[in-house]
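S.K.: no FASTA, just this:
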């Protein structure tokens, strides 16, 4: 396959993925806006009722707490002076007690009563004042307020998520460094860095940093959105199991991912799915209230089809960009057969390591060069393999990649 057909296939997949991702994102933003605007509208309209309920609740609690203390004093269980027991005294175990064995820690102190009622009164007054200012002083209609609030909430949530996604590179790098067990290995690191610099000069690109891990499993990964502030991680097993040409091919493959901005492209395409994941976290977070669940759950239902489509579409681009990285690597080192040989060696090494240690973790599959060996199932193995490798897999079959590289040599 020539470069023209290869890049044509990539751009066709990219176009479809971008259109579906943008449509999915627009659906999410519209759903979030409707939800946020609706909640804002009803919060403003019902503000007098809510503020009144909060003030009524504060008065009710004052009466309730007062009756508790009055009854306790009439029974001789406590004295009025015990009302002034501070929370610090309670925490240190200095509670006042009587012969009947009743202590002041069974009754709310003055500080607790004031704090609780102050929160309710302050919130209630704040709600009423906000309602008066918006509708009275500024004469803003509830609909306009809802539209503005919905827009601010959606933009704020989306901006926070974009920032979180952009800053997640450091956490990914930390996780990979931990898995690779990064060590000080000056000899291997110098050799790999020299190779990377030579390849970067050939590609007219800044050279990324290099780190070497103690893992005996042959693997490599690149982390970062641009070569200038990225890192290529390699394991000792990779350096020791490949010959010179194969090692250059693997390093060129990782450099190709950085040159093609694959991490940035795939992060952008996966943004709708990341947004939905954040919404799901809000829904299923243990500390989330049931009222919040009622509000967020409809949004999650609307988001489910978007999640499914995005989850199926993005891997098609991911897999095809592996073909492109293979091709670019072959062009950089001037030998597609070396890249094919490296893939075959890694695939064989993975199989050997998998048979030797069934407990091996493959958590960084998406950052590897070849996928881990497939674990055979006794039931529905073909269907499960098709689903996880062909539909959701981040890498195409190694045999297919080798075949494409061999065709490039012809």
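M.R.: That came through, no problem. Note that the structure is a prediction, hence the values are computed from the model and not measured.

S.K.: Show me the domain layout of the protein.
M.R.: 3-28+161-409, 46-140 (automatic domain parsing).

S.K.: Just name the most buried of those.
M.R.: Ranked by mean neighbour count, these are led by domain 3-28+161-409 with a mean of 17 (mean count of other Cβ atoms under 10 Å). Bear in mind the C-beta positions are built from the backbone N, C-alpha and C, glycine included.

S.K.: Which neighbouring elements make contact with the strand or helix carrying residue 237?
M.R.: Assigned by DSSP states H and E, residue 237 belongs to helix 236-241. Counting contacts by 3 or more Cβ pairs under 8 Å, 6 or more residues apart in numbering; DSSP states H and E, helix 236-241 packs against helix 186-202, strand 209-213, helix 244-259, helix 336-356.

S.K.: pLDDT on the longest one, on average?
M.R.: So that's helix 336-356. Mean pLDDT, computed over helix 336-356, is 86.

S.K.: go on, the second one?
M.R.: In this model, strand 209-213 carries a mean pLDDT of 92.

S.K.: do the same with stretch 46-54
M.R.: 85.

S.K.: Residues in contact with it: which ones?
M.R.: With contacts defined as Cβ atoms under 8 Å, 6 or more residues apart in numbering, stretch 46-54 is touched by 43, 120-121, 123-125, 127-128, 130-131.

S.K.: From those, which land in helices?
M.R.: Among the contacts of stretch 46-54, the members falling in helices (DSSP state H) are 43, 120-121, 123-125, 127-128, 130-131.

S.K.: With pLDDT added, can I get those residues in a markdown table?
M.R.: Formatted as a markdown table, the ones in helices among the contacts of stretch 46-54 follow (pLDDT from 0 to 100):
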| residue | pLDDT |
| --- | --- |
| 43 | 81 |
| 120 | 84 |
| 121 | 87 |
| 123 | 84 |
| 124 | 83 |
| 125 | 86 |
| 127 | 79 |
| 128 | 83 |
| 130 | 79 |
| 131 | 77 |
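
S.K.: Go through the residues you listed and name the one nearest residue 390.
M.R.: Residue 390 lies nearest to residue 43 out of these, by Cβ to Cβ, at 47.7 Å.

S.K.: Relative to residue 150, how far out is the residue lying closest to that closest one once chain neighbours are set aside?
M.R.: In this structure, residue 43 finds its nearest non-sequential neighbour in residue 50, 7.5 Å apart by Cβ to Cβ, 6 or more residues apart in numbering. With distances taken as Cβ to Cβ, to the nearest Å, residue 50 is found 19 Å from residue 150.

S.K.: quick check, nearest of the contacts of stretch 46-54 to residue 198?
M.R.: Using Cβ to Cβ, the contacts of stretch 46-54 come closest to residue 198 at residue 43, 62.2 Å.

S.K.: circling back: with distance to residue 26 added, can I get the helices and strands packed on helix 236-241 in CSV?
M.R.: Conversion of those to CSV gives the following (distance: least, Cβ to Cβ, whole Å):
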stretch, distance to residue 26
helix 186-202, 39
strand 209-213, 38
helix 244-259, 29
helix 336-356, 39
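
S.K.: Just the helices from the stretch 301-410 of the chain, written as ranges.
M.R.: Using DSSP state H, counting those that start in this stretch, the helices of the stretch 301-410 of the chain run over residues 336-356, 381-385, 398-409.

S.K.: Which one, of those, ends up nearest to residue 268?
M.R.: helix 398-409 (24.5 Å).

S.K.: what's the average pLDDT for that closest one?
M.R.: 88.

S.K.: Show me the contact partners of that helix.
M.R.: With contacts defined as Cβ under 8 Å, 6+ apart, helix 398-409 is touched by 1-2, 322-323, 326-327, 330, 336-337, 339-340, 343-344, 347, 370-371.

S.K.: Pull the distance from it to the chain's centre.
M.R.: 34 Å (Cα atoms, centre = their mean, to the nearest Å).

S.K.: mind starting the numbering at 41 from now?
M.R.: Okay, using 41 as the starting number, the last item reads as helix 438-449.

S.K.: tilt between that helix and helix 376-396?
M.R.: Interaxial angle, helix 438-449 versus helix 376-396 (axes from the mean of the first three to the mean of the last three Cα atoms, to 10 degrees): 170 degrees.

S.K.: Give me the angle between helix 438-449 and helix 284-299.
M.R.: Using the same axes, to 10 degrees: helix 438-449 against helix 284-299 is 100 degrees.

S.K.: Which helix or strand lies directly C-terminal to whatever helix or strand residue 151 lives in?
M.R.: Taking DSSP H and E as the criterion, the element that holds residue 151 is helix 150-172. On the C-terminal side of helix 150-172, the nearest following helix or strand under DSSP H and E is helix 182-220.

S.K.: That following helix packs against which elements?
M.R.: Right, helix 182-220 is packed against helix 43-85, strand 249-253, strand 260-263, strand 271-275, helix 311-324 by 3+ Cβ pairs under 8 Å, 6+ apart.
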